[in-house]
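[1] here is my input; please provide its structure:
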Amino acid sequence: MRRVIPAALLCAAFIGTPQAGFAQQTRRPNVLIIMADDLNNDLGTYGHPLVKTPNLDRLAARGLRFDRAYNQFPLCSPSRVSLLTGLRPDTTRVHDLQTDFRKVLPDVVTLPQMFKRNGYFAARVGKIYHYGNPGQIGTSGLDDPASWDAIVNPRGIDKDEEMQVTNLTPARGLGSALAYYASPAADEEHTDGKVAAETIAFLEKNKDRPFFIGAGFYRPHCPFIAPRKYFDLYPPEKIPAPVSFPESRAPTAAWFTTPPHWGVSEQGQRDTIRAYYASISFLDANVGRVLDALDRLRLTDNTIVVFLSDHGYHLGEQGQWMKQTLFERSARAPMIVAGPGISSKGRSSSRVVEFLDIYPTLAALAGVRAPEGLHGRSLMPLLRNPHAKWDHPALTQVRRGAAASAFMGYSIRTESWRYTEWDNGKQGAELYNETDDPHESNNLAADPKHQQVVLDMQRLLRRLSGQ
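    Below you'll find the model as predicted:
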């Protein structure tokens, strides 16, 4: 496990004394960002009938759950960079897993950096910015040193167990494979168990001064390795196969998984879903350890907690797996906000929001001045009233093709519709009625009855994407 903590900060952390000038001020709220990796909305609090997530359920019970929260690019690095800079992917120019945003925007002030500049202790445990999962576990990957005072890169027994996995897609690397393993090791030995422990250590050492801490968990990202007891929560016979829907008439560019299911059998699909659910419950248990520590340290009432994933995740719907589509299952992800300044406790909001909105929202909640030019909007109106008037669509994009032949797909989501164009429409378009067709199985883009809707959605898409 690699720990990087400047000596002066380590000393101050153990002393536990607020920085100079803070003693006479009212204690500002802390911020704790808890990020999952590749998590969709299959959670108890979102109404899933099988998945057990008691700790996320209790977080939602004291906060506001966003039912329609959308990422800007359903791939780890572009999504995380967009969220942490408050800028759309076409501004950061991060569309892949290799680009360092600092080479494009060397002077941008990131979300943790903003808090750091305002006197907060800023620390990261695990995956907040991108690094390859599982290949780069235990390293800093594409981390941003300017964002943090201290970092910890945990490495657990799951790294040593990778050779034990069952890989149903052996031609694919473990970071993008339908692969799983029910581990005999204890929770605390796994990387996510160590993320929880190191996050708690930061909370304990810095409980007496304002902090911004990012806890970056690795589950449920594949390979789906979790302690066996979490697999036991889901008897195989209770796991249904993915539901098939009628052909949606979507263009070729819409699909990520080709051929459908990568040729994996129905039994293999069910085994994969079971392992994914086990990984979610393991993630939830570790989140629970962190929430318990907040309670024990009497930090809960003064800590803003944001829980989210970097994007959604397909589990075989229409033959699709993982992310990198512009369908709802990939573009939508869970988001829960709890803590001081949130009056809509235990409620949910069906308004369409973007991950870009997190940056200005946290600045507003903490009373910190945000940089100019952020692309999102403060969610404060919805934190006060989840049904407040809110007419801001969400824009999600993804890239297709290689190098010189690459093109972009853009998708605009309102409360009633999703409209998608591939390569400015040259590679096809999609329109889905999200009220009548939530599984997006009937593409209405070419239906003459819906041409006015298409025109209206095109205008919205052009305005947000700048095309």
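[2] distance check, residue 162 against residue 140.
    20 Å (CB to CB, to the nearest Å). For the C-beta atoms, the positions are set from N, CA and C on the backbone; glycine is no exception.
[3] ok, residue 102 next?
    Computed as CB to CB, the residue 102 to residue 140 distance reads 13 Å.
[4] how about the helices in the stretch 51-200 of the chain?
    Applying DSSP state H, counting those that start in this stretch to the stretch 51-200 of the chain gives helices spanning 54-61, 76-85, 89-92, 101-104, 111-117, 191-205.
[5] so what does the fourth one touch, helix or strand wise?
    So the one you mean is helix 101-104. Applying 3 or more CB pairs under 8 Å, 6 or more residues apart in numbering; DSSP states H and E, one finds that helix 101-104 contacts no other helix or strand.
[6] so for it, what gets flagged as buried?
    The neighbour-count check on helix 101-104 (16 or more other CB atoms under 10 Å) flags residue 101 as buried.
[7] could you give the average pLDDT over it?
    Averaging pLDDT along helix 101-104 yields 97.
[8] also the longest one?
    Along helix 191-205, the predicted confidence averages to a pLDDT of 98.
[9] CA atoms only: put it into CSV for me.
    Provided in CSV are the C-alpha atoms of helix 191-205 (Å, rounded to 0.1, in the frame of the first residue of the first chain):
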residue,chain,number,x,y,z
THR,A,191,-8.8,-3.3,-1.5
ASP,A,192,-12.2,-1.8,-0.7
GLY,A,193,-11.9,-2.9,2.9
LYS,A,194,-8.6,-1.0,3.1
VAL,A,195,-10.2,2.0,1.4
ALA,A,196,-12.8,2.1,4.2
ALA,A,197,-10.1,1.7,6.9
GLU,A,198,-7.8,4.4,5.5
THR,A,199,-10.8,6.8,5.0
ILE,A,200,-11.7,6.3,8.7
ALA,A,201,-8.1,7.0,9.7
PHE,A,202,-8.2,10.3,7.8
LEU,A,203,-11.5,11.2,9.6
GLU,A,204,-10.1,10.4,13.0
LYS,A,205,-6.9,12.4,12.4
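[10] identify each buried residue in stretch 443-454, please.
    Counting neighbours by 16+ other CB under 10 Å, the buried set in stretch 443-454 is 443, 444, 445, 450, 453, 454.
[11] can you find the helix or strand in the protein with the smallest mean pLDDT?
    helix 7-15 (a mean of 37; mean pLDDT, DSSP states H and E).
[12] next secondary structure element downstream of that helix?
    strand 30-37 (DSSP states H and E).
[13] packing partners of that next one?
    Checking 3+ CB pairs under 8 Å, 6+ apart, strand 30-37 ends up next to strand 211-220, helix 266-296, strand 303-309.
[14] contacts for stretch 240-253 next, please.
    The contact list for stretch 240-253 (CB atoms under 8 Å, 6 or more residues apart in numbering) reads 254, 261, 266, 269-270, 273, 315-319, 400, 407, 409, 422-423, 427-430, 439-443, 446.
[15] pretty sure residue 424 is touching residue 467, no?
    Yes: the pair residue 424 and residue 467 qualifies as a contact (CB atoms under 8 Å) at a distance of 6.4 Å.
[16] what touches both of those two?
    With CB under 8 Å, 6+ apart, residue 424 and residue 467 have no common neighbours.
[17] follow-up on the earlier one: looking at the helices and strands packed on strand 30-37, which is closest to residue 83?
    strand 303-309 (8.1 Å; CB to CB).
[18] just how off-centre is the next helix or strand after that closest one within its chain?
    Heading C-terminal from strand 303-309, the first helix or strand you meet, by DSSP H and E, is strand 314-315. Between the centre of strand 314-315 and the centre of its host chain there is 15 Å, according to CA atoms, centre = their mean, to the nearest Å.
[19] also stretch 150-163?
    Centre-to-centre, stretch 150-163 and its host chain are 20 Å apart (CA atoms, centre = their mean).
[20] now stretch 297-309
    On CA atoms, centre = their mean, the centre of stretch 297-309 falls 17 Å from that of its chain.
[21] can you check stretch 218-225 too?
    That offset, for stretch 218-225, works out to 14 Å (CA atoms, centre = their mean).
[22] same question, stretch 212-222
    That offset, for stretch 212-222, works out to 9 Å (CA atoms, centre = their mean).
[23] go on, stretch 272-288?
    15 Å.
[24] one step back: single out the most deeply packed of the helices of the stretch 51-200 of the chain.
    helix 76-85 (a mean of 26; mean count of other CB atoms under 10 Å).
[25] dump it to PDB, restricted to CA.
    Backbone C-alpha positions of helix 76-85 (Å, rounded to 0.1, in the frame of the first residue of the first chain) are rendered in PDB as follows:
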ATOM      1  CA  CYS A  76     -14.200   6.300 -16.000                       C
ATOM      2  CA  SER A  77     -11.700   9.000 -16.800                       C
ATOM      3  CA  PRO A  78     -13.800  11.300 -18.900                       C
ATOM      4  CA  SER A  79     -16.600  11.200 -16.400                       C
ATOM      5  CA  ARG A  80     -14.500  11.700 -13.300                       C
ATOM      6  CA  VAL A  81     -12.500  14.600 -14.900                       C
ATOM      7  CA  SER A  82     -15.700  16.300 -15.900                       C
ATOM      8  CA  LEU A  83     -17.200  16.000 -12.500                       C
ATOM      9  CA  LEU A  84     -14.000  17.100 -10.700                       C
ATOM     10  CA  THR A  85     -13.300  20.100 -13.000                       C
END
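[26] between it and strand 303-309, how big is the angle?
    Helix 76-85 and strand 303-309 are oriented at 150 degrees to each other (axes from the mean of the first three to the mean of the last three CA atoms, to 10 degrees).
[27] now helix 76-85 against strand 211-220, angle please.
    160 degrees.
[28] between helix 76-85 and strand 30-37, how many degrees?
    Using the same axes, to 10 degrees, helix 76-85 lies at 160 degrees relative to strand 30-37.
[29] give the other helices and strands that helix 76-85 contacts.
    For helix 76-85, the packing partners by 3+ CB pairs under 8 Å, 6+ apart are helix 89-92, helix 111-117, helix 358-366.
[30] and these: which comes nearest residue 52?
    Of all the helices and strands packed on helix 76-85, it is helix 358-366 that lies closest to residue 52, at 26.7 Å by CB to CB.
[31] the closest one: what's the following helix or strand?
    helix 380-384.
[32] who are the packing partners of that next one?
    Helices and strands touching helix 380-384, by 3+ CB pairs under 8 Å, 6+ apart, are strand 63-70, strand 347-354, helix 358-366.
[33] still on that earlier bit, in strands only, show me the contacts of stretch 240-253.
    315, 400, 407, 409, 422, 429, 430 (DSSP state E).
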